[in-house]
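*Asks:* 3D model of this:
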Amino acid sequence: MENRSKIAIIGSGISGIAAAKQLRKHNPVVFEATGCIGGVWKHCAFRTTKLQTPRCDYEFSDFPWAERDNSSFPSNMEILEYLHQYATHFDVLKFVEFDSKVVEIRFIGDRRKSEEYGSLLSGQPVWEVGVQKTGSETVQWHAFEFVVICVGKYGDIPMIPKFPQSKGPEVFKGKVLHTLDYCKMNQEETTELLKGKKVVIFGFKKSAIDLAYECALENQGPEGQTCTMVIRTPRWTVPHYSVWGLPFYMFYSTRAAQFLHERPNQGFFRSLICTALSPMRKMASKIVESYLTWVLPLEKYGLKPDHPFEEDYASCQMPILPEDFFSEADKGKIDFKRASKWGFYEGGVELDDGRRLEADVVVLATGFDGKQKLNAMIPDPFRSLLEFPSGMMPLYKGTINPLIPNMAFVGFIESVSNLHTAEIRCKWLSRLADDKFKLPSIEKMLGDTVEEIDIMKRTTRFYKRSCISTFSINHTDEICEEMGWKAWRKSNWLAEAFSPYNSQDYADKED
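*Replies:* Model (predicted):
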């Protein structure tokens, strides 16, 4: 039961490695269920998967990309290499226990109620972590004062839709798999799965789009089959980071742009200003929509969304298209069908309007069940406190659940650059662990989380994604202020208002 470390970190993806680096003075133990670091970039990526943002917007503040001025989107292999270089440079790998799956966590702390959250490192064990090594049936228990959950919302447990009675996968004579299964295949296996096959993909988010593109590449030539995407809700897709010749960040990622949007703790007069400026906010969304409708054949293929672009941006659901994606559609290699419900028959898929699509292979790009992953790990009564009735996690500064003591969650609330938000939150967490500042009362923290959640709900109908993209700069301002840093990080007011923020602006320095 004894353990020399006070801190456990669960998961070694981007968030887990960022947490390990920032907390390294405490010699944390990082439990990684697999044999390597990388998280979803290792286990949930296809060979054509690329980053959704330019590399300069996805880097650690103290470890720039070697070619950070390269405007291309890095591939998943480039990101894994970059993460390994970072972990090696800061000697973080020595903390990682590979092939060590956390199967259960038990609370052994003091459950007496208090209005204050208390110190993260109190000197007494609060949690026991049950770990099972690969190939072993024995569960080893370790005691810690503080646990950081970095397993994320993606990967591990697939989200499988519910099908009408007698129309489930069991009636289909072909092959059915989830994108999680596809990610585990090598190139030879994926080629065998897709080439010359009638493939139906359900979904229209990043993984579905990437998979359809790979399917099209495998079916070149006159003998190649068409890949059909069945889509419930079309999303606004982006071919590149330019809108009518202007950089995309000018519309949403500067202080001036985010001034148009609601933010937490903005006060009565700021709320009035925000309401008065709402036409400008709608105009920005319309400008982006007009460009995307002009440059992409959305109307031709029935893919123009019914909701504003802003709602996809505010919910972090704005997939970047692979190069030549619609070119493959124009060649007949990718087709699109709209349907709200569907099921299987012997020869393929039946849509809600009675249309039947013949298929050899059906791939479910239907996402992952991150809630089930956490529920399997967190014990009662804390399991019931993981989310509000709205379906979102109540996380103060995107990290601390005020109702769960001595535990942090990194990587569960999204932004345009999840690496940046993970790193700045881990810096905040490190200083909190060192008692360099104190958390407000539990009541105050809950109030702040409710306010953030209400803003998300008012901004987009897809709010359960818990995304802070429309007020990310203000969110980081508040984190900086709690750490005792200056919130405004630029050299002059012009840059402060109109240039985008990235991790380099938050490099550790005297404030």
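
*Asks:* quick one, strands of the stretch 301-450 of the chain?
*Replies:* All strands of the stretch 301-450 of the chain, identified by DSSP state E, counting those that start in this stretch, fall at 334-338, 342-345, 348-351, 356-358, 361-364, 407-409.

*Asks:* closest to Pro381 out of those strands?
*Replies:* Smallest distance to Pro381 across the strands of the stretch 301-450 of the chain (C-beta to C-beta): 13.5 Å, for strand 407-409. Yep, even glycine has a C-beta here, placed from its N, CA and C like the rest.

*Asks:* can you tell me what sits against the closest one?
*Replies:* Defining contact as C-beta atoms under 8 Å, 6 or more residues apart in numbering, one finds that strand 407-409 is touched by 120, 127, 146-150, 382, 393, 395, 399-401, 429.

*Asks:* could you check how far the spatially most central residue of the chain is from Arg465?
*Replies:* For the chain, the residue nearest the mean C-alpha position is Glu414 (5.2 Å; C-alpha atoms, centre = their mean). For Glu414, the distance to Arg465 equals 6 Å [C-beta to C-beta, to the nearest Å].

*Asks:* any common contacting residues for these two?
*Replies:* By C-beta under 8 Å, 6+ apart, the residues touching both Glu414 and Arg465 are Cys316.

*Asks:* re earlier: the residue nearest to the centre of the chain: what's it in contact with?
*Replies:* Applying C-beta under 8 Å, 6+ apart to Glu414 gives the contacts Cys316, Thr421, Arg465, Ser466, Cys467, Ile468, Ser469.

*Asks:* for Thr421, see how far away the first one is.
*Replies:* Spelled out, it's Cys316. 11 Å.

*Asks:* shared neighbours, those two?
*Replies:* Shared contacts of Cys316 and Thr421, defined by C-beta under 8 Å, 6+ apart, comprise Glu414, Ser415.

*Asks:* the two: who's more crowded?
*Replies:* Neighbours were counted for Cys316 and for Thr421 using other C-beta atoms under 10 Å; Thr421 has more, 26 against 19.

*Asks:* the more buried one and Trp428 touch, don't they?
*Replies:* No. Using C-beta atoms under 8 Å, Thr421 is not in contact with Trp428; the gap is 10.5 Å.

*Asks:* what sits in contact with each of those two?
*Replies:* Common contacts of Thr421 and Trp428 (C-beta under 8 Å, 6+ apart): none found.

*Asks:* how about Ser285, phi and psi?
*Replies:* Torsion angles at Ser285 (phi, psi; degrees, to the nearest 10) stand at phi -60, psi -40.

*Asks:* min pLDDT across the contacts of strand 407-409, which one?
*Replies:* In terms of pLDDT, the lowest of these is Met393, showing 87.

*Asks:* was I right to think that one contacts Leu386?
*Replies:* Yes. Using C-beta under 8 Å, Met393 is in contact with Leu386, at 6.1 Å.

*Asks:* neighbour count winner among these two?
*Replies:* A count of neighbours by other C-beta under 10 Å puts Met393 above the other of Met393 and Leu386, at 22 against 18.

*Asks:* Provide a list of residues in contact with that one.
*Replies:* Contact analysis of Met393 by C-beta under 8 Å, 6+ apart lists Leu386, Glu387, Asn401, Phe409, Phe412, Ile413, Ser466.

*Asks:* show me what contacts the second one?
*Replies:* Taking C-beta under 8 Å, 6+ apart, we find Glu387 in contact with Lys371, Met393, Pro394.

*Asks:* any weak-confidence spans in the protein?
*Replies:* The chain contains residues with pLDDT under 70 at 1-4, 112-115, 509-511.

*Asks:* can you do 80?
*Replies:* Applying pLDDT under 80 to the chain flags the ranges 1-4, 68-72, 110-116, 155, 388-391, 464-465, 509-511.

*Asks:* Leu292: which element?
*Replies:* Per DSSP states H and E: Leu292 is located in helix 278-295.

*Asks:* so how far is that helix off the chain centroid?
*Replies:* 25 Å (C-alpha atoms, centre = their mean, to the nearest Å).

*Asks:* which elements pack onto it?
*Replies:* strand 242-243, helix 249-252, helix 309-314 (3 or more C-beta pairs under 8 Å, 6 or more residues apart in numbering; DSSP states H and E).

*Asks:* sorry, back to before: between Met393 and Leu386, which contacts overlap?
*Replies:* Residues touching both Met393 and Leu386 by C-beta under 8 Å, 6+ apart: Asn401.

*Asks:* returning to that earlier point: and the two most separated of the contacts of Glu414?
*Replies:* Pairwise distances across the contacts of Glu414 (C-beta to C-beta) peak at 13.8 Å, for the pair Thr421 and Arg465.

*Asks:* quick check, Glu81 in a helix?
*Replies:* Yes. The assignment for Glu81 is a helix, going by DSSP: H, G, I helix; E, B strand; the rest coil.

*Asks:* that one - how many residues pack around it?
*Replies:* 14.

*Asks:* would you check how far apart His307 and Gly109 are?
*Replies:* Distance, His307 to Gly109, using C-beta to C-beta: 44 Å.

*Asks:* no no, Asp448
*Replies:* Distance, Asp448 to Gly109, using C-beta to C-beta: 24 Å.

*Asks:* do the same with Phe412
*Replies:* Using C-beta to C-beta, Phe412 is found at 22 Å from Gly109.

*Asks:* so the two - more neighbours on which side?
*Replies:* Per other C-beta under 10 Å, whichever of Phe412 and Gly109 has more neighbours is Phe412, with 21 against 15.

*Asks:* next up, the contacts around that one.
*Replies:* By C-beta under 8 Å, 6+ apart, the contact list for Phe412 reads Gly152, Lys153, Gly370, Met393, Leu395, Gly398, Ser466.

*Asks:* do that again at 10 Å, thanks
*Replies:* 15, 149-153, 370, 374, 386, 392-393, 395, 398-399, 401, 466 (C-beta atoms under 10 Å, 6 or more residues apart in numbering).

*Asks:* distance check, it against Leu374.
*Replies:* Counting by C-beta to C-beta - Phe412 and Leu374 are separated by 9 Å.

*Asks:* now do the shared contacts for the two.
*Replies:* Counting by C-beta under 10 Å, 6+ apart, the residues touching both Phe412 and Leu374 are Ile149, Val151, Gly152, Lys153, Leu386, Met393.

*Asks:* okay if I get the residues you listed as TSV plus distance to Val139?
*Replies:* Formatted as TSV, the shared contacts of Phe412 and Leu374 follow (distance: C-beta to C-beta, whole Å):
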residue	distance to Val139
Ile149	18
Val151	18
Gly152	23
Lys153	25
Leu386	22
Met393	27
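
*Asks:* inside helices: which ones of those?
*Replies:* In helices, defined here by DSSP state H, there are no members of those.

*Asks:* closest one of these to Phe268?
*Replies:* Comparing the shared contacts of Phe412 and Leu374 against Phe268 with C-beta to C-beta places Met393 closest, at 28.1 Å.
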